[in-house]
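K.L.:
I'll drop the sequence and a predicted model, then ask my questions.
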Amino acid sequence: MEIVSTLEGIRALLPDYERLYQITRNTLPFARQEWHLAWCHHFLNRNPRIRDEPLFCVLRNARAECVALIPLILSRRRVGPLRLGTVALIGGDPALTEIRSPMVERGYERAAMAATHEGLGRVPGWDWILWSGISGELAAAMQQEVAPQWRAPTHDYILELPESWQQFRAGLRRNIRESLRHCYNSLKRDGLTFEFVVARERRAVRAALTRFFELHALRAAWNHGPKHPNWFAGRPLQDFLVDVCDRLAQRDIVRIFQLQIKDEIVAARVAFRVGDSVYLYYSGFDPHWARHSVMTTTVAEGLKYAIAEGVRSVNLSLTGEQSKLRWSPREILLHSAFVHREALRSRIACRAYQVALAGNGVSARLLKSVFSARRWH
């Protein structure tokens with residue numbers, strides 16, 4: 001097991017990333033090297049009370065081929081007189097890195113878990129690992145190698161796509177077909193037409209993101225319907241998304257779906273085309289156009305676009321909102337667990353943190369603030 005702890009070392013892993021993209025058929029933008037490098041550039045060591053160190057665990061087979069790449073970050077914090085060290089998969093941000101799964105070649109799950117925990121055992125200064133968003137295969141392998149303390153799983157939603165929009169629409173439930181009909185007819189009744197615009201070139205993506213941030217904030221401030229936070233309220237968060245999209249656009253991965261009416265972009269959805277799948281990321285719309293269901297129209301047009309490009313699936317991302325479930329997606333469980341060191345101090349610290357996560361008292365709020373208010377503003 002090789003542990004890479006510098007940005008230069010992570011950049012040098014490009015051939016290993018490329019191999020694992022193909023072998024694992026990765027469809028997540030969050031597993032891309034571009035995402036990892038952008039994250040480190042923007043968020044490592046932004047808080048003077050926290051010292052971060054990459055610990056990217058790389059496992060190779062007898063032919064020196066990379067079979068597992070597990071991107072971990074070691075964070076050392078000071079809480080009063082206490083010093084705590086935690087390890088987690090890269091992406092401990094406020095919901096920007098939605099799924100933090102490592103890339104592991106099939107059949108090497110148990111070897112990867114065993115080698116990772118053995119390798120980390122030689123690294124000083126950490127108390128526990130928080131594994132999050134891992135597959136069922138990796139979770140089973142972990143259970144065989146260590147004693148994880150499982151947390152509630154999260155749910156990811158995958159929409160399988162047929163070869164044509166007509167086939168897809170025919171397979172939808174009646175209520176969503178009626179909803180789609182309403183979306184298009186409401187614009188026609190008011191004598192309005194729309195244009196579906198897809199930004200994918202670097203310059204177009206940058207311009208589209210400026211409008212996306214405005215629409216995302218407008219959606220968050222809207223007092224009707226489900227409440228959606230503004231995940232890009234801080235400038236560092238916006239800078240990160242602009243940077244990572246710029247890097248990914250160079251690989252033709254970014255797609256920003258936009259709905260234009262009367263020369264104005266009224267709705268937008270950031271998406272990533274990785275392999276034969278599209279990942280639907282965050283969205284935003286102008287509430288003045290809410291009665292025309294412009295966000296639903298944008299998603300529908302995005303699905304049409306994906307089908308026309310030969311995409312086989314669309315990842316609707318996490319959380320089971322009705323706006324996602326009505327498309328009848330396939331549900332995938334992603335598992336999370338704590339694994340602490342055997343030292344008594346580490347066991348006590350890990351347990352105290354888990355209790356704090358579940359509580360609402362003063363001590364719980366203090367500990368949560370220490371771990372969440374890192375470097376985002």
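P.N.:
Yep, it's here.

K.L.:
and the residue nearest to Leu89 when sequence neighbours are not counted, what are its phi and psi?
P.N.:
Among residues not flanking Leu89 along the chain, Arg100 sits closest, at 3.9 Å (Cβ to Cβ, 6 or more residues apart in numbering). For every residue, glycine as well, the C-beta is placed using N, CA and C. Dihedral pair for Arg100: phi -110, psi 60, per degrees, to the nearest 10.

K.L.:
from Pro29, how far off is Arg100?
P.N.:
As for Arg100, its distance to Pro29 is 12 Å (criterion: Cβ to Cβ, to the nearest Å).

K.L.:
go on, Leu138?
P.N.:
According to Cβ to Cβ, Leu138 stands 19 Å off from Pro29.

K.L.:
just the helices from the stretch 101-250 of the chain, written as ranges.
P.N.:
Per DSSP state H, counting those that start in this stretch, the stretch 101-250 of the chain carries helices over the ranges 109-120, 136-145, 165-170, 174-189, 202-221, 235-249.

K.L.:
ok, which of those helices comes nearest Arg273?
P.N.:
helix 235-249 (9.4 Å; Cβ to Cβ).

K.L.:
orientation of that closest one relative to helix 202-221 in degrees?
P.N.:
Helix 235-249 runs at 140 degrees relative to helix 202-221, counting by axes from the mean of the first three to the mean of the last three Cα atoms, to 10 degrees.

K.L.:
pLDDT weak spots in the stretch 251-377 of the chain?
P.N.:
Within the stretch 251-377 of the chain, the stretches with pLDDT under 70 are 320, 360-377.

K.L.:
now do the helices in it.
P.N.:
Applying DSSP H, counting those that start in this stretch to the stretch 251-377 of the chain gives helices spanning 294-308, 322-325, 344-358, 362-372.

K.L.:
those: which one's closest to Arg122?
P.N.:
Closest approach to Arg122 among the helices of the stretch 251-377 of the chain (Cβ to Cβ): helix 344-358, 15.2 Å.

K.L.:
in that closest one, what's buried?
P.N.:
Neighbour counts over helix 344-358 (16 or more other Cβ atoms under 10 Å) mark 346, 349-350, 353-354, 356 as buried.

K.L.:
need those in JSON lines (columns: distance to Thr210).
P.N.:
As requested, the buried residues of helix 344-358 are exported to JSON lines (distance: Cβ to Cβ, whole Å):
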{"residue": "Ser346", "distance to Thr210": "46"}
{"residue": "Ala349", "distance to Thr210": "43"}
{"residue": "Cys350", "distance to Thr210": "43"}
{"residue": "Tyr353", "distance to Thr210": "39"}
{"residue": "Gln354", "distance to Thr210": "41"}
{"residue": "Ala356", "distance to Thr210": "39"}
